[in-house]
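Student: show me how the following folds:
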Amino acid sequence: MTQELVMDATAYDLSQQTAEIMRRYNDVFQRHDPSALAELGG
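Tutor: Have a look, this model is predicted:
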């Protein structure tokens, strides 16, 4: 695998992780439940 493909795969993984965190944050915000933010801390 070339370095470029590895970098693309890494960027894709990070994008997917960011999208998931944003989705979860939005769910918490919509529920008005700030205590659920603790689960986003990892």
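Student: could you give the mean pLDDT of the host helix or strand of Ser15?
Tutor: Element membership of Ser15, judged by DSSP states H and E, is helix 3-31. The pLDDT scores in helix 3-31 average 86.
Student: centre of the chain versus it, how much separation?
Tutor: 4 Å (Cα atoms, centre = their mean, to the nearest Å).
Student: could I get the buried residue list for it?
Tutor: By 16 or more other Cβ atoms under 10 Å, the buried positions in helix 3-31 come out as Val28. C-beta here means a position set from N, CA and C on the backbone, and glycine is covered the same way.
Student: and if you look at stretch 33-42?
Tutor: Residues of stretch 33-42 include none that count as buried (16+ other Cβ under 10 Å).
Student: got the contact list for that stretch?
Tutor: Residues from elsewhere that reach stretch 33-42 (Cβ atoms under 8 Å, 6 or more residues apart in numbering): Ile21, Arg24, Tyr25, Asp27, Val28.
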